[in-house]
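got a predicted structure plus its sequence, pasted below:
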Amino acid sequence: MFKLNLKIAWRNLLRHRHYALVNIIGLALGLAGFVFVVLFANHEESYDSWKPELEHVYQLQEYSDYYTTDKKAHWRSEIDLRLSKIVGSMPQVDAVTKINLEYRQNAVTVAGKPPVLQSGIRSSDSLFFKVLPFDFKFGNADRALMQPNSIVLKEGLARKYFGEANPVGKTLTIAGGNWKGAEDLFTVTGVVREPKTPSSIDFQAIVFEDGDFFDTESTTGSPAEVYVRAKAIHNLGQFNQVLQKAYLPAKDRYLAQEKSSLAKVKAEGNAPVLRLAQLRDVHQHPLEQPSWKVSLKPVIGLSILLLLVSVINFVNLATAQATARAKEMGVKKVMGAYRRTLVVQLLAETFIQCLMALFVALLLVELALPVLNQSFSLELSLFKGPLLLPLLAQLLGIVAVVGLLTGLYPALLLSAFRPYEVLKGNFATSTKGSAVRKALVTAQLVVSISFIIGVLVVNQQLSYLRQRDQGFTAMGILNLRSDIGGEASSYFQRIKHIDGVKYVAFSSGIIGDNASSVQRFKYQNETKELYGLGMGIEGMQALDARLVAGRLFSAAIVQDTINNAIINESAAKLFANNMVGQTIMANDTVPVNIIGVIKDIQVEGFESHVKPSIYVVETNNWKKGVGFTHKPTTLIRFDKAKTRQVLTEIEKIFAEMNEFYPASFSFVADDLSKVFVVHERFEKMIALFSGLSLSLSLFGLFALAALITRQRTKEIAIRKVLGAATTHILLLLNKGYVWMVLLANVLAFPMAYVLAKQWLNGFAYRINISLLPFVLALIASMVVTLITVSLQARKATKANPVKALKYE
């Protein structure tokens, strides 16, 4: 029986191939978005699942203000490496390893080749591969990190520098900076394979570190990531309670070395906590940013809406075929077919179409994956890897659900026809189910109109952010991420005198490095927190900062290098509106004179307001009592017409400084453009979903128009015989759809407004939602609907009325 129903279903699809093709394409578009979401979710869920042994690997995490720029407690994985000694003393722990943080790119030189900047080179101790079970392609895990200057490469990096040959025993030079003597010769002792699934432990090469960096007995700890292997932990909650008891006395000793205490930090609300977190949870629940699940919510919502529109479109097209298949159902019932048999047959047709739509959707995703991977910085693969079988099972489950959603109502509707009504010959004029069809098309239009409004609002917001004054001129600034010595150094002076260079100044995190640190300042008995940033004497001129009041730093005024400072507008608002000439106290003891106020410099995302900041000349920041985290960055303002000449001279100077480390720089305008990448992706995604949703809505609208026009064929013929003009008939047929579109707009406007408002609330700087997106959406939906319906209605007005009336 199943085989017979399948054969009948297939024949019916071939007989109504045009409707079937539209159905399949519509469903495929809806399913394609969902396939990508499932593929991405599977990829994220698979993090750190490449070996069963990883169930016993943990990351050490601390809640404290250690190594934080705002001096407030946060959960951090970059912790004081001395804490590894505490967890290592627990009897359940088998091994502990420490990995340093990557501050800058290293430069790699292989004999006979020029140096190449390389990220992902990190150092660790000899226990790294005892804790983390990476598979070795060449070399041995037990002996790979035992000798000084030994390095283990990942498979991809080994192929990059040495090809497919075994590189064990070969050497390469790694320079950690551009100063003389920053380079060392390393011997390759192993190559590890890329994990089968993604790993949250990010590295391209591991260097053996046997120096003072990992000294757990040091009086001044260094930040590092700490990982633990412990097979004997059966209850992580209980273990963390024991760990906390051992941690607090040690933390008190470390705080005492910094002239603080456990009681003091608890009183400030920064009570420290130490815990182990299972490695598999590290990526799923990140400490310092939203999880991938939060980021995926908008995509899931859009995919569900698009799939819903696809399902509605399918139902509309299926019910529009009712008049064409009514006699088929009537004859089968007269011949003795049960209703449940007809339902099974119709559902079989639906499931065949759903499977074909899934195949087309997989093809579309496979073709789009290169673009999607590049746009979202992913490495997804549809038909490769260990996740293929689970993915197919999930997709078949989705097809089953979609098949029931799309096929159940049409199957019940078609199988419910009464044979005597159908075979009497007047069923074609029946309006059965018309209210449901109109409601479904209206729902499609609501979604499509909401998408259109969303695209317009997102576009307006991004245009506002691009045109907003960022407080400085980004074009024509080079961000040199290297230490070239003090202002008196010959390299600094040589760069300053390059033809085309206007200003050269040091910077400590002003552009994109987030190296500023918070500090307390007192003014008129009120203490405020400002972010301290250091720069060279020409720093403000290099930035082309917008001066609001006072003046900028000047090399002619010695006091500017002693205790003068500039604040931004946000800092000025914290204290008072007119701060020029006022004195604030740093650390309650050091007076700092405010000589100028500049506009807020926007160099990070637009999700939060610019931090209240204070700028000082870097050479004497300690005398001022204004501290900041130093990162060797140099800002160079240059003549854009001489860009190539400036870059060539800089590269020549760096080659003289250290032949093993090339110049590392970027254009500030390019750095800032990265801020818009996420939002531009969202805009493109909304535009794509809007186009697909609108297309599918038009399919449904076209089907509804075709059905209603067919039902009113005789009415149109009579009106033509009685002398009605074509334009009059077109207006008559379009009138019902105008009300439908107006209703859809009325329903879509509040929904789109709430969603757009919620999205805009994520920005510190945002537009007010205007009427323009809603008016444009109303006009666009009305015009497109009228064109679609008129194309179908025009066929009926051009038909010969005699053919419709010859049997009357």
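Looks like it arrived, so ask away.

all contacts plus neighbour counts: C-alpha atoms, from now on.
Noted.

quick check: mean pLDDT of the longest helix along the chain?
In the chain, taking DSSP state H as the definition, the longest helix is helix 339-376. Helix 339-376 shows a mean pLDDT of 83.

how about it: buried residues?
Neighbour counts over helix 339-376 (16 or more other CA atoms under 10 Å) mark 339, 342-358, 360-362, 364-366, 369, 372 as buried.

looking at it, residue 418 is touching residue 330, isn't it?
Yes: with contact defined as CA atoms under 8 Å, residue 418 reaches residue 330; the gap is 6.7 Å.

the more surrounded of these two?
Neighbours were counted for residue 418 and for residue 330 using other CA atoms under 10 Å; residue 330 has more, 21 against 16.

in a strand, the more buried one, correct?
No: counting by DSSP: H, G, I helix; E, B strand; the rest coil, residue 330 is not part of a strand but helix.

quick check, pLDDT for it.
For residue 330, the model assigns a pLDDT of 73.

now swap in the one 5 residues further on and tell me
Turning to residue 335, the model gives it a pLDDT of 73.

that one and residue 7: what is the separation?
Distance from residue 335 to residue 7, counting by CA to CA, to the nearest Å: 19 Å.

higher neighbour count, the two?
Neighbour count, other CA under 10 Å: between residue 335 and residue 7, residue 7 has more, with 15 against 9.

rounded mean pLDDT for the one helix or strand the more buried one maps to, please.
For residue 7, the enclosing helix or strand under DSSP states H and E is helix 2-15. Average pLDDT, helix 2-15: 69.

skip the chain neighbours and tell me the closest residue to residue 391.
Nearest non-adjacent residue to residue 391, counting by CA to CA, 6 or more residues apart in numbering: residue 39, 7.1 Å away.

and the one you found, how far from residue 381?
The gap separating residue 39 from residue 381 is 8 Å, by CA to CA.

likewise for residue 23?
From residue 23 over to residue 381 the distance is 27 Å, taken as CA to CA.

looking at these two, which is more packed in?
In terms of neighbours (other CA under 10 Å), residue 23 is the more surrounded of residue 23 and residue 381; the figures are 26 against 17.

low-confidence ranges in the stretch 451-600 of the chain?
Within the stretch 451-600 of the chain, the segments meeting pLDDT under 70 span 483-488, 509-516.

can you map out the strands along it?
Secondary structure of the stretch 451-600 of the chain by DSSP state E, counting those that start in this stretch: the strands cover 477-480, 501-507, 517-523, 526-535, 547-550, 564-568, 583-586, 590-598.

closest one to residue 283 among those?
strand 517-523 (26.9 Å; CA to CA).

and residue 614, that's in a helix?
No: under the criterion used here (three-state DSSP), residue 614 is strand, not part of a helix.

mind checking how far residue 288 is from residue 78?
Counting by CA to CA, the gap from residue 288 to residue 78 is 11 Å.

for residue 68, same thing?
With distances taken as CA to CA, residue 68 is found 10 Å from residue 78.

ditto for residue 765
As judged by CA to CA, residue 765 and residue 78 stand 31 Å apart.
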